[in-house]
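Chemist: no sequence on this one, just coordinates:
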């Protein structure tokens, strides 16, 4: 029974990779860089970062343009098993765990992965509330010395797959996807509880600004002279 479940997980993952990769190759991706940031997933040579991405936007960076050598924290629920298998096929290092299940071992693995990988976290997951940042990402940044890069997405046209606490954004074919990044955020080491919360609030504010910018651009056509545009190459 376990073998059958494993085979189903692999099949679902392969179907997801094929479907979403083809879907995103039909989309136009527009990168917006704010506050002296670098283009997402193309950091300066030799610099490793922690990418902060909202849970409902996860499909866009996973199947779209991304930096190699990325490690992602994924929950231990069954849905997480599908995602973990999918991300492995795409070249990610999948670390299983969350704040509720497997938290301590997962934190250790992410700390170890920080030596050789960019880290990807959905700081409002795995149970929400939606787009409410928990302090785990700040904790990791404080202990690894990695800077946090806020990255937000919005689509001109999309489907929203309803979940228990958050929708999942799925871009419609041939739509425009806006990807907005802000300046990377440095977190000092050895934070007190009060300092940890203060820096968490700061990162939350940065994510809110980037998401507002992405949503604003998706709502109306921006001035093309003020954005950096990149068309995804054909598969």
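Modeler: On my side now, so go ahead. From a predicted model like this one, the values you see are computed outputs, not experimental measurements.
Chemist: could you use CA atoms for every contact and neighbour count after this?
Modeler: Noted.
Chemist: from residue 60, how far out is the spatially most central residue of the chain?
Modeler: For the chain, residue 53 is the residue whose C-alpha lies nearest the centre (C-alpha atoms, centre = their mean; 3.4 Å). Residue 53 sits 10 Å away from residue 60, going by C-alpha to C-alpha, to the nearest Å.
Chemist: show the subsequent helix or strand relative to the longest strand that the chain contains.
Modeler: When the chain is parsed with DSSP state E, its longest strand is strand 147-155. Proceeding N to C from strand 147-155, the next assigned helix or strand is strand 158-161, under DSSP states H and E.
Chemist: now do the buried residues in that next one.
Modeler: residue 158 (16 or more other C-alpha atoms under 10 Å).
Chemist: go on, stretch 183-203?
Modeler: By neighbour count with 16+ other C-alpha under 10 Å, stretch 183-203 contains the buried residues 183-188, 191, 196-197, 199-201, 203.
Chemist: for this structure, just list every one of the helices.
Modeler: Using DSSP state H, the helices of the chain run over 2-25, 59-63, 78-89, 103-113, 136-144, 193-219.
Chemist: what sits against residue 171?
Modeler: 23, 24, 27, 155, 157, 158, 159, 177 (C-alpha atoms under 8 Å, 6 or more residues apart in numbering).
Chemist: quick one: which two of the buried residues of stretch 183-203 are the most distant?
Modeler: Farthest pair in the buried residues of stretch 183-203 (C-alpha to C-alpha) is 183 and 191. Separation: 21.3 Å.
Chemist: now for the helices of the chain, which one comes closest to residue 122?
Modeler: Evaluated with C-alpha to C-alpha, the helices of the chain place helix 136-144 nearest to residue 122, the distance being 8.5 Å.
Chemist: for residue 113, which non-adjacent residue is closest in space?
Modeler: Of all residues not flanking residue 113 in the chain, residue 71 sits nearest, at 6.8 Å (C-alpha to C-alpha, 6 or more residues apart in numbering).
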